[in-house]
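**Student:** take a look and give me a structure for this.
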Amino acid sequence: MKRIPALIVSGFLGSGKTTLLLQLVQSARERGLRPAVLMNELGRLDVDGHLLSGDASALPLAKLLDGCICCDRKSEIAASVETLLDTEPDVLFIELTGVANPEEIADALTEPRMLRRVVLRRIVTVLDAEHVLEYNSIFASDRSLVHTLRRQIEVADSLIVNKIDLVSQQQLAKIEKAIRARNPQAPITCTTHSRIDLDALFAVLTPSAPGVRQSVAGKPGFVAQTSVRSAAPTRPRPAADGDVPAPTRSFSRLGTVSLPINEAVSKAQLEKFVRTCSPNLLRAKGYIPLPGEPRLALMQFAGKRFTWEPAPYTGEPYLVLIGLELDEAEITRKWSLEQVRKR
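**Tutor:** Numbers count the residues shown, from 1 in each chain. Okay, here's the model as predicted:
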């Protein structure tokens with residue numbers, strides 16, 4: 001089964017995310033690609049969704065209203081994404097509400113039912129040049145929101161400073177300095193009306209070779225380009241229900257590494273391995289076979305804490321690591337050595 005590339009559009013309320021999304025949808029179609037869109041809004045009324053659903057041509061579109069997709073609506077993400085993937089798109093665009101943390105969505109995309117069908121390729125964060133420097137002081141009393149706004153910048157692969165016609169060059173320089181303090185790597189584009197050259201966003205994907213999955217419209221699907229930081233390519237194999245997919249290089253700084261677990265492992269051993277993986281590790285989770293236990297256990301690691309609970313999951317055991325700039329080859333090597341030592 002081919003994994004569909006996903007692009008997340010993040011940014012605070014009013015920054016220009018939907019304007020960018022409209023351009024992404026149009027550009028995808030111009031490139032002969034079939035897009036699908038998942039939108040999230042905090043209010044009960046769907047405002048931005050009408051801008052897309054009003055398009056005369058069909059667009060697979062799912063909407064999550066009246067809540068933040070990364071918290072109270074998180075449980076609905078998998079079902080909505082699966083519905084969209086059933087329409088056989090070539091690319092999936094996910095627009096988050098302004099108070100959503102992109103890494104929570106990356107976490108949701110590593111659920112067993114998602115791993116075989118979708119892969120995160122890009123996180124784009126849009127910033128409102130007129131107000132971005134004021135957020136820390138405006139929301140100083142809400143530490144959770146300030147943290148989310150910072151994470152929107154820190155985990156982004158591309159940053160768009162929008163509405164620059166409303167600020168001075170001096171303020172732009174301050175904005176860039178503030179961004180670089182949080183994210184020294186992602187390219188920054190300054191613009192108005194979220195107008196940017198979209199080639200860079202589509203460049204991580206290329207039309208698939210003949211004989212590879214075709215979209216419903218007969219247009220070619222996608223395969224990932226090779227990356228200078230990629231590990232040695234892994235030969236794909238057909239995925240059965242519950243299988244863990246072969247490693248696929250993510251072109252997002254916020255990447256995931258999936259590791260199979262072939263035999264029972266103790267909680268202490270697994271926790272020790274997770275802690276040694278990377279200083280950039282944000283979270284980990286997996287369905288783990290424990291010695292002497294008939295059922296798999298769901299392990300979750302976040303905020304330097306581990307939680308364990310019995311799980312009804314009956315597929316193949318696996319461990320997923322989520323973090324920034326993870327060294328997939330090194331982590332895989334360490335896991336292989338850990339398995340050998342255990343024997």
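
**Student:** from here on, contacts and neighbour counts on C-alpha atoms
**Tutor:** Will do.

**Student:** what about the helices in the protein?
**Tutor:** In order along the chain, the chain carries the following helices (DSSP state H): 17-30, 48-53, 77-85, 102-108, 112-115, 135-138, 143-154, 169-182, 199-202, 267-275, 328-342.

**Student:** to Ile322, which of the ones you listed lies closest?
**Tutor:** The closest approach between Ile322 and any of the helices of the chain, judged by CA to CA, belongs to helix 102-108 at 7.2 Å.

**Student:** report the distance from the closest one to the chain centre.
**Tutor:** Here the centre of helix 102-108 is set off from its chain's centre by 6 Å, with CA atoms, centre = their mean, to the nearest Å.

**Student:** quick one: list the elements packing against that helix.
**Tutor:** helix 143-154 (3 or more CA pairs under 8 Å, 6 or more residues apart in numbering; DSSP states H and E).

**Student:** other SSEs contacting the helix it packs on?
**Tutor:** Packed against helix 143-154, as judged by 3+ CA pairs under 8 Å, 6+ apart, are the following elements: strand 4-11, helix 102-108, helix 169-182.

**Student:** by mean pLDDT, show me the worst of these.
**Tutor:** Ranked by mean pLDDT, the helices and strands packed on helix 143-154 bottom out at helix 102-108, which scores a mean of 83.

**Student:** what comes up buried for that one?
**Tutor:** Pro102, Glu103, Ile105, Ala106, Asp107, Ala108 (16 or more other CA atoms under 10 Å).

**Student:** same check, this time on stretch 180-191
**Tutor:** Arg180, Asn183, Ala186, Ile188, Cys190.

**Student:** what's the neighbour count on the closest residue to Arg195 other than its chain neighbours?
**Tutor:** Computed as CA to CA, 6 or more residues apart in numbering, the closest residue to Arg195 that is not its neighbour in sequence is Leu20, at 7.1 Å. The number of residues packed near Leu20 is 21, by other CA atoms under 10 Å.

**Student:** how about Leu20, what does it touch?
**Tutor:** His193, Ser194, Arg195 (CA atoms under 8 Å, 6 or more residues apart in numbering).

**Student:** also Lys17?
**Tutor:** Lys17 makes contact with Val9, Ser10, Gly11, Glu95, Val126, Ser194, according to CA under 8 Å, 6+ apart.

**Student:** tell me the pLDDT of the nearest residue to Lys163 once chain neighbours are set aside.
**Tutor:** In space, Lys163 comes closest to Thr192 once its chain neighbours are excluded; the distance is 4.6 Å by CA to CA, 6+ apart. Among the per-residue scores, Thr192 shows a pLDDT of 94.

**Student:** from Arg180, how far out is Thr192?
**Tutor:** As judged by CA to CA, to the nearest Å, Thr192 and Arg180 stand 21 Å apart.

**Student:** burial of Val37, as a residue count?
**Tutor:** For Val37, using other CA under 10 Å, the count is 24.

**Student:** ok, His193 touching Ile164?
**Tutor:** No - under the contact definition of CA atoms under 8 Å, His193 does not touch Ile164, with a separation of 9.2 Å.

**Student:** of these two, who's got more company?
**Tutor:** It is Ile164, of His193 and Ile164, that has more neighbours when counted by other CA under 10 Å, with 19 against 14.

**Student:** and that one, how far is that from Glu88?
**Tutor:** When distance is defined by CA to CA, Ile164 is 38 Å away from Glu88.

**Student:** and Val204, by the same measure?
**Tutor:** Between Val204 and Glu88 the computed distance is 20 Å (CA to CA).

**Student:** follow-up on the earlier one: let me know whether the residue nearest to Lys163 touches Leu166 as I believe.
**Tutor:** No - taking CA under 8 Å as the contact criterion, Thr192 and Leu166 are not neighbours in contact, 9.1 Å apart.
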